[in-house]
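Peer 1: Compute the structure for the input listed below.
(one chain, ligands or ions: 1)
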Amino acid sequence: MCGIVGYVGHSDGRVNAGHNALGVVLEGLRRLEYRGYDSAGIAVVADGTISSRKKSGKLSNLIAELEASPLPESLTGIGHTRWATHGGPTDQNAHPHLSDEGKLALIHNGIIENFAELKLELVRKGVVFQSETDTEVAAALLGDIYRNQMGGDAAKGGLTRAMELACQRLEGAFTLLAIHADQPDVVVAARRNSPLVVGLGEGENFLGSDVSGFIDYTRRAVELGQDQIVTITADAVEITDFYGAPAEGKEYHVNWDPASAEKGGFPSFMEKEIHDQPDAVLQTLLGRSDIHGNLTLDELRVDPELLKSVDKIIVLACGTSAYAGQVAKYAIEHWCRIPTEVELSHEFRYRDPIVDENTLIVSISQSGETMDTLMAVRYAKEQGAKTVSICNTNGSTIPRESDAVLYTHAGPEIAVASTKAFLAQITAAYLLGLYLAQLRGNKFQGEIKDILADLGKIPAKVQHILDNEDQIKELGRSMADAKSVLFLGRHVGFPVAMEGALKLKELAYIHAEGFAAGELKHGPIALIEEGQPVFVVVPSPRGRNSLHAKVVSNIQEVRARGARTIVIAEEGDEAVKAYAEHVFYIPETPTLLAPLLTTVPLQIFALALASAKGYDVDQPRNLAKSVTVE
Ligand code: F6R
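Peer 2: Numbering: from 1, shown residues only. Purely as a prediction, here's the structure:
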């Protein structure tokens, strides 16, 4: 949550140097806006003073403000796009916040938990606060330390030293970026539990919440550790801990193409990302098995003996990623016979869970920064568990703190609601399950090879669904007035139903619920009235243990009470037609892999319905992409 950008360039006209900070920061904010869009703001140092502009609402509001009231040219600047925590989304609460009589500007991502006591202390010293934010408290604290404790002496380590002292007093999770008029060629940043990456340029350096903040300028990035401070100038990047001791970051190359974070001709990122899904699955499968069907998860550097001794798996995730975890549970238990629980990360560590060295924690996170999941992983590690992260974001915190990582290769996901990352997460979880089955001898090599072959056919099948999306789009548009939509599924269709409902809630702001179809008769069936739309994910009729007949009975139960039923079924399932107002067919596929297909029409439906209502499908209200607060 919240996007942060910092920039320092050179004034002597070297290669690449001397970009106007305003342009660099605005471009970074444009790319980071998916992290929050309650307000945006920017501050630059020019002519010995700080100049700043901030505006509630989307970045476009700030840009209009800047056109009306331009900022001076500058080589040093910071910018922020906000997801509101403390204080509503107003101009006043927007970042940057100023202190030291307007000479210091600060932006922040996270929550300062001890803000109330610090605020009281500062009020007693005479500070008058303008906003309701914890950020302004951090700005005032930093200004007070710099001016009153250090005598405003830039020579004594200046803003960097002041930041160290301030961070020693702050509790909670934060990324802070500050500039000061006394040090016009410096940006100082600090990080505890919130994301921050350095971008290394030539004669210029950058800071961003993630690499998209500076991807147009450099591919060289440096990961920072916990509790670190970084001071950037045009020529240097210095990292210390909160006590001034030198520290190091880890440099890496960013291998994604900025074009992959553009809309590619689609009207929205969401639509583009839905259409990226064949490739997201393909890329996640690529290079992970040999021609004999042996899984070669080389990056999964956990001692195979340890993996053999695992007697329980706990999948930790939130939201859509947790639904991917629920799909994983069916596959892992079936293939590996290891008891597997799926738990929402924010519930996990507060209930005294039973975790020990034979527990394997599998965290699933697109961003790799979700605070709830990060904290749950840390807790599990403390209990001695082994931790594997399934993650889409290279170099992010959760994989870095886990024992091993299995990256999904969905490419950057910009639309706030997750689509392609979900399919990639499920794919990676299948690979992990098959790898464990191979290692522990639960499956013959030939069986694993067959499942991998079926997985290999998924991208073309997803493409087939996308090529025939018009029918479901039309239905979505025609249901723009729906007040409530229910989704039913059984077995792996159950998490798909919940994901279908979540997409509709997020994008179209419609009441939607996903239920296990068998559970309906235990209460929720009371919701059904004449005309209630109900989507049903129907399992394949093939196979001995098919739940097809049971789900058809569930359809009849709701139809008998007046529901309009919309069915996702397997090609060739003619029987189901008699029970459905609309049927959308997906290609034949083994039951356990079906979520990779059945999810897609539900995503398209939500997208079409929300678009028909005129909503911004990339940036739905109240949401942010990376949830870095607990
Ligand atoms: C829904 C959505 C969220 C995320 C959740 C976890 O469309 O995107 O529910 O899945 O916030 O985020 P990550 O996967 O980044 O940990």
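Peer 1: C-terminal to the helix or strand in which residue 24 is found, what's the next element?
Peer 2: Element membership for residue 24 (DSSP states H and E) is helix 21-32. If you walk from helix 21-32 toward the C-terminus, the next helix or strand you reach (DSSP H and E) is strand 39-46.
Peer 1: Okay, now the sheet partners of that following strand, with direction.
Peer 2: Applying DSSP bridges, strand 39-46 is found paired with strand 49-56 (antiparallel), strand 76-82 (antiparallel).
Peer 1: in the helix holding residue 24, what counts as buried?
Peer 2: Of all the residues in helix 21-32, those buried under the rule 16 or more other CB atoms under 10 Å are 21-22, 24-32. Any C-beta I mention is one placed from the backbone N, CA and C, and that applies to glycine too.
Peer 1: ok now that helix, how far from the chain's centre?
Peer 2: 20 Å (CA atoms, centre = their mean, to the nearest Å).
Peer 1: State the mean pLDDT of stretch 533-541.
Peer 2: Stretch 533-541 shows an average pLDDT of 96 in the prediction.
Peer 1: Can you give me the end-to-end span of it?
Peer 2: 23 Å (CA to CA, to the nearest Å).
Peer 1: repeat for stretch 478-492
Peer 2: 28 Å.
Peer 1: go on, stretch 340-357?
Peer 2: 15 Å.
Peer 1: And the contacts of it?
Peer 2: Here stretch 340-357 makes contact (CB atoms under 8 Å, 6 or more residues apart in numbering) with 312-318, 322, 325-326, 328-329, 332-333, 361, 363, 370, 372-373, 375-377, 379-380, 383-386, 630.
Peer 1: hmm, back to that, format the strands paired with strand 39-46 as JSON lines; extra columns: mean pLDDT.
Peer 2: What follows is those, written out as JSON lines (pLDDT from 0 to 100):
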{"stretch": "strand 49-56", "mean pLDDT": "97"}
{"stretch": "strand 76-82", "mean pLDDT": "96"}
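Peer 1: Tell me which of these sits most buried.
Peer 2: When those are scored by mean count of other CB atoms under 10 Å, the highest mean neighbour count falls to strand 76-82 (a mean of 31).
Peer 1: follow-up on the earlier one: output those of the contacts of stretch 340-357 also counted as contacts of the ligand.
Peer 2: With the criterion set as CB under 6 Å from any ligand atom, the members of the contacts of stretch 340-357 near the ligand are 318, 370, 373.
Peer 1: among those residues, who's most crowded?
Peer 2: Within those, most neighbours by other CB atoms under 10 Å means residue 370, with 31 neighbours.
Peer 1: Tell me the confidence at it?
Peer 2: Reported pLDDT for residue 370: 94.
Peer 1: count of residues packed around the closest residue to it other than its chain neighbours?
Peer 2: Take residue 370 and drop its neighbours on the chain: the residue closest to it by CB to CB, 6 or more residues apart in numbering is residue 627, 5.2 Å away. The number of residues packed around residue 627, counting by other CB under 10 Å, is 20.
Peer 1: need the residues of the stretch 351-500 of the chain near the ligand, please.
Peer 2: Of all the residues in the stretch 351-500 of the chain, those lying near the ligand are 365-367, 370, 373, 417-418, going by CB under 6 Å from any ligand atom.
Peer 1: Kindly supply the ChimeraX command isolating those of those that are buried.
Peer 2: To isolate the buried members of these in ChimeraX, using 16+ other CB under 10 Å:
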select :365,366,367,370,373,417,418
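Peer 1: which of the residues of the stretch 351-500 of the chain next to the ligand sit farthest apart?
Peer 2: 373 and 417 (17.6 Å; CB to CB).
Peer 1: ok, back up a step: filter the contacts of stretch 340-357 to the buried ones?
Peer 2: Among the contacts of stretch 340-357, those classed as buried by 16+ other CB under 10 Å are 312-318, 322, 325-326, 328-329, 332, 361, 363, 370, 372-373, 375-377, 379-380, 385-386.
Peer 1: In helices, which of those fall?
Peer 2: Residues of the buried ones among the contacts of stretch 340-357 located in helices (DSSP state H): 322, 325-326, 328-329, 332, 372-373, 375-377, 379-380.
Peer 1: Let me know the closest of these to the ligand.
Peer 2: Distance to the ligand, by CB to the nearest ligand atom, is smallest for residue 373 among these, at 5.4 Å.
Peer 1: Name all residues that make contact with that closest one.
Peer 2: If you count contacts by CB under 8 Å, 6+ apart, then residue 373 has 316-318, 321, 345, 363-365, 398 around it.
Peer 1: what's the pLDDT at it?
Peer 2: At residue 373, pLDDT is 97.
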